[in-house]
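Trainee: Give me a 3D structure for the following:
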Amino acid sequence: MITADSARRRYVAISFLTWLPVGLYLAPMVLLMLERGLSLGEVATIGAVYSVAIVVLELPTGGLSDVLGRRPVLLASAVTGLGGLLLLGLGGSLWPLAASALLRGVARALSSGPAEAWYVDAVHAAAGRDADLAPGLARGGMAASAAMAVGVLAGGTIPFLWPAGPGADVPGLAVPVLLAVVCQLALLVVVAVAMREPRAVRPGLGEVLRGVPDTVAAGLRLAGRDHVLVRLLFMSAVSGVALAVIELLTPAWMAVLAGGPGGGVLAYALVAAVGFAAGTAGNALSAPLTRWLGSPGRAVAVCLLAAALALAGLAGTASLSGVTGVVAAGTAYLLMFVGLGAMVAPVGQLLHDRVGAGERSTVLSVDSLVLQLGAGAGSPALGWLATARGPGAAFAVSALLLCPAALLLWHVPRRIRAGRLALVLRHGRPHLPARDRPREDRVPRP
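Mentor: Numbering: from 1, shown residues only. Now for the predicted structure:
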């Protein structure tokens, strides 16, 4: 058995290596596909393939992790992501690039939850269920944000420093993607070596095929029945709307504020880096903020209100232009991502206190799916509003949506009652391998 400190260090390393490849290919990806002859419509179609793969597979892969184990699923994610990045870096036409999007979407769905669930299970096994999860979850969030910041800066800078021209063996836009391949290979090695799980007889194919639907159903029942989880899922949905508005409107808006597309690219890169760095700082603030406010629910509420205030500030900067507008927008982004980063750990505390090991990955996948559905619904609706009324209106609406989520979470208790835990285990039990099934004599009786 590994110690809680060792589990935290391994979780931080896995979190960093999971998101570093994404940051590296995020900046040059669209331009790389356009350079290889794809139209904007084909690029959009490839993006849709990626999104659909995630939405369709999010829950089944979460259930697979709860039945088969965290490590095998994360290894499968690393291998699948490696194939997707190789196709993205080397593919020169529509179909290889579409296959890359499919593989990357499968990898993203597989990676949604297992690492965090493994960390929580390891800490509970080493230090008991009352162990403080916040420091490790916060450091994992810091590592993910730092990886994205480093990756985006490197991915946006390397193509401009790489030798261009007919004699270049590798196009500059492809170099960050190939570096992402190397990072993905490092992730595969780290997961294989560092992510230890108790030795146990793995379920056969038939048991897995029966167990995944049962586990998904149990996770959905728990997520829909527990009032705290319902509030957390509502928070994820409205957060997805806010993030979708940011991703949709920021590039074009930065170009307007900077006076042209050239300055807009630079402004967007700087603002994105500031946002990810602010997320890192926010994660560092989460533990002291939770202690100061006295509960993770209040910490999440304050973070949501800070993000709402920042979005309202973005709505106010819509009338500005030039350097003043860019600086004002950057300041608002800084506050927003500090808030979003600071709520990662307390949200994790609230969620993991409500679920057991048998449905942990499934509930994390439900949470991720709800966030994506919120983004999918909010993006076209608020995009239309921005077209009709300007970006300020879209930012204002997304700010208003965060406020009721904050109010709902202010008075949330942290711990689940023992009697309710027993009720969940008796009546909503997922299909589990024997090693994960709770001993009946350890289940508290009402």
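Trainee: okay, and for the stretch 151-300 of the chain, where does confidence drop off?
Mentor: Low-confidence segments of the stretch 151-300 of the chain, defined by pLDDT under 70: 164-169, 198-224, 251-269.
Trainee: what secondary structure does residue 163 sit in?
Mentor: Secondary structure state of residue 163, per DSSP: H, G, I helix; E, B strand; the rest coil, is coil.
Trainee: Can you report phi and psi for the nearest residue to it once chain neighbours are set aside?
Mentor: In space, residue 163 comes closest to residue 172 once its chain neighbours are excluded; the distance is 7.6 Å by Cβ to Cβ, 6 or more residues apart in numbering. Bear in mind the C-beta positions are built from the backbone N, C-alpha and C, glycine included. Main-chain torsions, residue 172, degrees, to the nearest 10: phi -60, psi -40.
Trainee: Residue 172 against residue 156, yeah?
Mentor: No. Using Cβ atoms under 8 Å as the test, residue 172 is too far from residue 156 to be in contact (11.2 Å).
Trainee: Just want to know which of these two has more residues nearby.
Mentor: Of the pair residue 172 and residue 156, residue 156 is the one with more neighbours under other Cβ atoms under 10 Å, namely 22 against 19.
Trainee: what about the one helix or strand that one maps to, distance to the chain center?
Mentor: Taking DSSP states H and E as the definition, residue 156 sits inside helix 134-161. Mean-position distance between helix 134-161 and its chain equals 13 Å (Cα atoms, centre = their mean, to the nearest Å).
Trainee: so what does that helix touch, helix or strand wise?
Mentor: Applying 3 or more Cβ pairs under 8 Å, 6 or more residues apart in numbering; DSSP states H and E, one finds that helix 134-161 contacts helix 4-26, helix 114-127, helix 175-194, helix 261-293, helix 322-342, helix 344-354.
Trainee: could I get the ones you listed as CSV with distance to residue 394 and mean neighbour count?
Mentor: As requested, those are exported to CSV (distance: least, Cβ to Cβ, whole Å; neighbours: other Cβ atoms under 10 Å):
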stretch, distance to residue 394, mean neighbour count
helix 4-26, 22, 23
helix 114-127, 31, 23
helix 175-194, 30, 20
helix 261-293, 17, 19
helix 322-342, 14, 21
helix 344-354, 25, 25
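Trainee: Kindly reformat those as JSON lines containing distance to residue 244.
Mentor: JSON lines is the format used below for the helices and strands packed on helix 134-161 (distance: least, Cβ to Cβ, whole Å):
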{"stretch": "helix 4-26", "distance to residue 244": "16"}
{"stretch": "helix 114-127", "distance to residue 244": "23"}
{"stretch": "helix 175-194", "distance to residue 244": "24"}
{"stretch": "helix 261-293", "distance to residue 244": "15"}
{"stretch": "helix 322-342", "distance to residue 244": "13"}
{"stretch": "helix 344-354", "distance to residue 244": "18"}
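Trainee: So which of these is nearest residue 375?
Mentor: helix 322-342 (13.5 Å; Cβ to Cβ).
Trainee: Now do that closest one against helix 261-293, angle only.
Mentor: Following axes from the mean of the first three to the mean of the last three Cα atoms, to 10 degrees, one obtains 40 degrees for the angle between helix 322-342 and helix 261-293.
Trainee: Return helix 322-342 as CSV; C-alpha atoms alone will do.
Mentor: What follows is helix 322-342, C-alpha atoms only, in CSV (Å, rounded to 0.1, in the frame of the first residue of the first chain):
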residue,chain,number,x,y,z
GLY,A,322,-7.4,49.1,-28.0
VAL,A,323,-4.9,48.4,-25.2
THR,A,324,-7.4,49.6,-22.5
GLY,A,325,-9.9,47.0,-23.6
VAL,A,326,-7.3,44.2,-23.7
VAL,A,327,-6.0,45.1,-20.3
ALA,A,328,-9.5,45.3,-18.8
ALA,A,329,-10.5,42.0,-20.4
GLY,A,330,-7.3,40.3,-19.2
THR,A,331,-8.0,41.5,-15.6
ALA,A,332,-11.5,40.1,-15.7
TYR,A,333,-10.1,36.8,-17.1
LEU,A,334,-7.6,36.7,-14.3
LEU,A,335,-10.3,37.0,-11.6
MET,A,336,-12.6,34.5,-13.3
PHE,A,337,-10.0,31.8,-13.6
VAL,A,338,-8.7,32.3,-10.1
GLY,A,339,-12.3,31.7,-9.0
LEU,A,340,-12.8,28.6,-11.2
GLY,A,341,-9.4,27.2,-10.2
ALA,A,342,-10.0,27.8,-6.4
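Trainee: what angle do that helix and helix 134-161 make?
Mentor: Here helix 322-342 points in a direction 140 degrees away from that of helix 134-161 (the same axes, to 10 degrees).
Trainee: now helix 322-342: how far from the chain's centre is it?
Mentor: Counting by Cα atoms, centre = their mean, helix 322-342 comes out at 20 Å from the chain centroid.
Trainee: Who are the packing partners of it?
Mentor: helix 134-161, helix 227-258, helix 261-293, helix 296-317.
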